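Student: Build the 3D model from these lines:
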Amino acid sequence: MKKPSTLALPALMSLLILGGCAIEPGNGFEPQPQTRALSDIDHDGVIDARDKCETTPTGASISNSGCETTTASTRKVNRVIMFGYDQDTLPDGERAELIALMRKLGDKQGAELVLIGDTSPEGSESYNHALAQRRSEYLKAMALEAGLSAAQLKEEVYFERNQIPNELQGRDHRLIAVARWQEAGVDMDWTIFTSDKAPKVKR
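Tutor: Numbers count the residues shown, from 1 in each chain. Down below sits the predicted model:
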């Protein structure tokens, strides 16, 4: 019988050692729990693990934290309030309606109200000046009653520098109220389905 070569002995010993090592079930790699949520429930492109806003409007421009971005814009509304000829007060029903509208304005961010007293051209200038001022003071008292502060109000009259809109130029027995406030709007991403942010094509 031939003796095993000295080169085969190390290989044989290695096989014997490996054969004696029993592999117990469960000692292998076990699945590790998911430590970071990789899902995106609101489909805004930001994973839930770093999404600080759980719901975002569809199509909105999204920040790195998963919240929609907003831009504040100034809103402006003009209202013409007609007075009776040579009158500086309003009927109770109209007065109550205007106070309710002024209360709604007061709830808005950055609200301000410009009151521009006006008159029809009949009569002397001095009389009309005084009548226009009485009309603006009357509306100012209503605005204060509605909860607006004096800092939010500005009185003007037709015969001085004023903010009468171009489309309302002229003279009439009225008061022009110009309301302004700040309103935040959600920035929307441009897509093929929108046109307001579509890139302009050079011609």
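
Student: Return, as residue ranges, the portions of this structure with sub-threshold pLDDT.
Tutor: 1-37, 40-47, 49, 51-52, 54, 59, 65, 68, 186-203 (pLDDT under 70).

Student: So in it, which helix runs the longest?
Tutor: helix 125-145 (DSSP state H).

Student: who's in contact with Ala141?
Tutor: Applying CB atoms under 8 Å, 6 or more residues apart in numbering to Ala141 gives no contacts. To be clear about C-beta, it is placed using only N, CA and C from the backbone, and glycine gets the same treatment.

Student: Next: the one 4 residues further on.
Tutor: For Glu145, the contact set (CB under 8 Å, 6+ apart) comprises Ile99.

Student: Let me see the ranges of the helices in the chain.
Tutor: Counting by DSSP H, the helices of the chain are 8-19, 92-106, 125-145.

Student: Just name the most buried of those helices.
Tutor: Across the helices of the chain, averaging neighbours per residue (mean count of other CB atoms under 10 Å) puts helix 125-145 on top, at a mean of 17.

Student: ok and that one relative to helix 92-106, angle-wise?
Tutor: Angular relation of helix 125-145 and helix 92-106 on a 0 to 180 degree scale: 60 degrees, by axes from the mean of the first three to the mean of the last three CA atoms, to 10 degrees.

Student: Restricting to C-alpha, output helix 125-145 in PDB.
Tutor: Provided in PDB are the C-alpha atoms of helix 125-145 (Å, rounded to 0.1, in the frame of the first residue of the first chain):
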ATOM      1  CA  GLU A 125     -65.900 123.000  -4.200                       C
ATOM      2  CA  SER A 126     -65.700 123.900  -0.500                       C
ATOM      3  CA  TYR A 127     -69.000 122.200   0.200                       C
ATOM      4  CA  ASN A 128     -68.100 119.100  -1.800                       C
ATOM      5  CA  HIS A 129     -64.700 118.900   0.000                       C
ATOM      6  CA  ALA A 130     -66.500 118.800   3.300                       C
ATOM      7  CA  LEU A 131     -69.100 116.300   2.100                       C
ATOM      8  CA  ALA A 132     -66.400 113.900   0.700                       C
ATOM      9  CA  GLN A 133     -64.500 114.000   4.000                       C
ATOM     10  CA  ARG A 134     -67.700 113.300   6.000                       C
ATOM     11  CA  ARG A 135     -68.300 110.200   3.800                       C
ATOM     12  CA  SER A 136     -64.800 108.900   4.400                       C
ATOM     13  CA  GLU A 137     -65.000 109.500   8.100                       C
ATOM     14  CA  TYR A 138     -68.400 107.700   8.200                       C
ATOM     15  CA  LEU A 139     -66.900 104.600   6.600                       C
ATOM     16  CA  LYS A 140     -63.800 104.800   8.900                       C
ATOM     17  CA  ALA A 141     -66.000 104.700  11.900                       C
ATOM     18  CA  MET A 142     -67.700 101.600  10.500                       C
ATOM     19  CA  ALA A 143     -64.300  99.900   9.800                       C
ATOM     20  CA  LEU A 144     -63.200 100.600  13.400                       C
ATOM     21  CA  GLU A 145     -66.500  99.100  14.600                       C
END
